[in-house]
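Q: Need the 3D shape of this:
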Amino acid sequence: MYSSYMKAYQYSLQPINRPHEWKKSDLDPTLSPPIMKTLGTFKKNRLKAKDEPKKTLRKLRRVGLEITSKVCGEKWHNKQSCLQRSNTTNK
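A: Residues are numbered from 1 along each chain as shown. Below is the predicted model:
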């Protein structure tokens with residue numbers, strides 16, 4: 001196995017610095033394959049015109065909201081984490 005590895009990699013390629021040092025070939029240059037439209041599912045949304053208004057965000061963010069408890073009326077906690085609720089249910 002070692003001998004076959006050494007045999008495969010005995011020839012090394014030396015890097016060439018710049019394209020002007022590359023050997024010129026008389027063959028035609030390689031072309032990239034044509035870009036084909038893929039088959040499958042289409043876009044869900046239609047393409048909108050430039051003058052159509054953009055969609056606004058409808059989801060409300062919770063940043064900056066003051067949460068108040070319905071049990072005691074204090075801020076920064078809700079009904080579930082209210083300490084007065086836990087005191088009234090234990091009695």
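Q: Confirm that residue 61 sits in a helix.
A: No: counting by DSSP: H, G, I helix; E, B strand; the rest coil, one finds residue 61 to be coil, located in no helix.
Q: What distance do you get for the residue most central in space within the chain to residue 51?
A: Per C-alpha atoms, centre = their mean, the C-alpha nearest to the average position across the chain is that of residue 43, at 18.5 Å. Note on residue 43: its distance to residue 51, by C-beta to C-beta, to the nearest Å, is 20 Å. Placement of C-beta: from N, CA and C, glycine included.
Q: sorry, back to before: need the pLDDT of the residue nearest to the centre of the chain.
A: On pLDDT, residue 43 comes in at 70.
Q: and it, what helix or strand is that in?
A: Per DSSP states H and E, residue 43 falls between elements, in no helix or strand.
Q: how about the helices in the chain?
A: 2-8, 83-90 (DSSP state H).
Q: just flag whichever of those helices has the lowest average confidence.
A: Among the helices of the chain, helix 83-90 carries the lowest mean pLDDT (a mean of 68).
Q: about what we covered before: please work out which of the helices of the chain is packed deepest.
A: helix 83-90 (a mean of 11; mean count of other C-beta atoms under 10 Å).
Q: where does the protein have low pLDDT?
A: By pLDDT under 70, the low-scoring segments of the chain are 86, 88-91.
Q: What number of residues are in the vicinity of residue 72?
A: Residue 72 has 14 neighbouring residues, counting by other C-beta atoms under 10 Å.
Q: separation between the closest residue to it other than its chain neighbours and residue 4?
A: Counting by C-beta to C-beta, 6 or more residues apart in numbering, residue 72 lies nearest to residue 84, which is 4.5 Å off, once chain neighbours are set aside. The gap separating residue 84 from residue 4 is 81 Å, by C-beta to C-beta.
Q: got it, and residue 80?
A: Counting by C-beta to C-beta, the gap from residue 80 to residue 4 is 71 Å.
Q: What of residue 12?
A: 17 Å.
Q: ok, the closest residue in space to residue 70 that isn't next to it in sequence - how many residues close by?
A: Closest residue to residue 70 apart from its sequence neighbours, by C-beta to C-beta, 6+ apart: residue 79 at 4.8 Å. A count of nearby residues for residue 79, using other C-beta under 10 Å, gives 12.
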